[in-house]
Each structure stands twice: as structure tokens, then as C-alpha cells.
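1. with the input below, show me the fold.
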Amino acid sequence: FLIIGKTIMGKGAVKEDGSSFEKQVSTHGQPLSAAGACFESTVKNLGGDPENPFVIFDDVAAMYAEAQAKKAEYVAAKKAEQAEWEKANPELAAKFAKFFSGDAPEIDYSAIEQ
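-> Okay, here's the model as predicted:
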């Protein structure tokens, strides 16, 4: 498979004078400051505080909380579905549990011909 992502390298990155540093190949695989951009100016350009650059914005926190709630709801529904299936299919459920247990199946090694 080939996955092609259309991106802009260094999106939002700027130099110390505020000029754009986007689309520079040097931003790939190294810190922005080593590539030639200005970390502080870039953080400001992206709406952050260079003195505390790892603050999570309120809208981002809300989006992730909403996504987490949806995922938790989905997981609970899937676990309930799995429990119902296990109740209705005890033999298959035992095989399923054995398969995912990490235990090797019982093998009669004496029956193997070389």
C-alpha cells in the first residue's frame, strides 16, 4: 500500500523576523531552531506562549474530552456485545479466550514424524 499525505512541512513555522519558514525541507527530522526557524516566534505565530509552550488550549481539551467520551461509549457497547456473544456461544467463547490468552495449544509432539 502507498499512503500519500498532502501536508505542508513546518506549517506555521516562522523565522525570527516573522517571515514564513513553511515548506522548508530542513524542518524534516530536526528541531525547528536547528532547521533555521525561530521556536519562540513560531509558538507566538501559532497562538501559544513561548514561555509555556505546552499549554493545552481549552478548545483542544474539549475536543479530546468529547472524543474520549465517544470512544468510552463505543467500548462499553462492544464489551456488552462480546458478553452477549460469549453467553450464546460458550464453546466458541472458550476457544476465543484460549486463542487470545497467549498460551500455546496442547500439541502431541510424539505424533510428529520427521
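2. part of a strand, is residue 63?
-> No - if the criterion is DSSP: H, G, I helix; E, B strand; the rest coil, then residue 63 is helix and not within a strand.
3. continuing past the host helix or strand of residue 80, what's the next helix or strand?
-> Assigned by DSSP states H and E, residue 80 belongs to helix 58-88. Remark: after helix 58-88, the chain's next helix or strand is helix 90-101, criterion DSSP H and E.
4. mind exporting that following helix as CSV, just the C-alpha atoms?
-> The C-alpha trace of helix 90-101 is given here as CSV (Å, rounded to 0.1, in the frame of the first residue of the first chain):
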residue,chain,number,x,y,z
PRO,A,90,-19.8,-20.8,25.3
GLU,A,91,-17.7,-23.3,23.3
LEU,A,92,-16.6,-20.7,20.8
ALA,A,93,-16.1,-18.3,23.6
ALA,A,94,-13.7,-20.7,25.3
LYS,A,95,-11.8,-21.2,22.1
PHE,A,96,-11.7,-17.4,21.6
ALA,A,97,-10.3,-16.9,25.2
LYS,A,98,-7.7,-19.6,24.7
PHE,A,99,-6.6,-18.1,21.4
PHE,A,100,-6.0,-14.7,23.0
SER,A,101,-4.6,-16.0,26.3
